[in-house]
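> The following comprises the amino acid sequence and a computationally predicted model.
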Amino acid sequence: GPDYLPGHAHADTLSFELSLFGHRIFVNSGTSVYGAGTERLRQRGTAAHNTVVVSGHDSSEVWGGFRVARRAGPSEVRIAEKRDCLVAEGAHDGYRRLPGRPMHRRRWSLSAGRLQIADEVAPAAPAEARFHLHPDVAIERGEGSHGTLHLASGEIVGWRARAAEIRIEETTWHPEFGRSIPNKCLVLSLSDGRATLDLNWE
């Protein structure tokens, strides 16, 4: 939304959603409530979106039911075709207010049967990349830093992460007002300010 009317804005800069085979895979958490309250604040916060949280802070300062203070500004936005790969990348300054003035940069690289999402926080700071799964997607983790996503129609998407630590959280998805549906979130910690998630499918 425009800077002069940001009341419905979420702290979601550099977030994305993904669909494959006609099915939703990664989803932002949506909105089920309005007005002031902890749940409204959580749903507007960065951790409820498919992007990076730095030092536990939101990328834009959201508060109250419809308030925004310092808002993240995108920069370095580029889209390019490189042989058989489409690359989109960007950065934002939402965390520059924190000690060290870190910047978050993200790059998506899409080719046939493969998507790579690479995140960088520089200078390095405690950070985690979050990927919220649609409730119909089941996630399995193998030994180490890889696993599979199972779609309701039977397709399988492989995933592999390069990060210091991986965990799977229970959370909720909110497709419309008044609805909360349990789902899962794949969380990657950034090692030395970097983390990469690779997805592959046939």
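Cool, the structure landed.
> Listing request: residues of the chain with sub-threshold pLDDT.
1-2, 4-8, 41, 61-68 (pLDDT under 70).
> Spit out the contact partners of residue 89.
By C-beta atoms under 8 Å, 6 or more residues apart in numbering, residue 89 lies in contact with 76-79, 105-108. The way it works is simple: take the backbone N, C-alpha and C, and place the C-beta from them, glycine included.
> Go through these and flag which are in strands.
Members of these lying in strands (criterion: DSSP state E): 76-79, 105-108.
> what's the most distant pair in the contacts of residue 89?
Farthest pair in these (C-beta to C-beta) is 79 and 105. Separation: 14.7 Å.
> want to try JSON lines for the contacts of residue 89, with neighbour count and distance to residue 60 as columns?
Compiled in JSON lines, these are given as follows (neighbours: other C-beta atoms under 10 Å; distance: C-beta to C-beta, whole Å):
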{"residue": "76", "neighbour count": "10", "distance to residue 60": "18"}
{"residue": "77", "neighbour count": "11", "distance to residue 60": "17"}
{"residue": "78", "neighbour count": "10", "distance to residue 60": "22"}
{"residue": "79", "neighbour count": "10", "distance to residue 60": "23"}
{"residue": "105", "neighbour count": "19", "distance to residue 60": "17"}
{"residue": "106", "neighbour count": "20", "distance to residue 60": "16"}
{"residue": "107", "neighbour count": "16", "distance to residue 60": "21"}
{"residue": "108", "neighbour count": "17", "distance to residue 60": "21"}
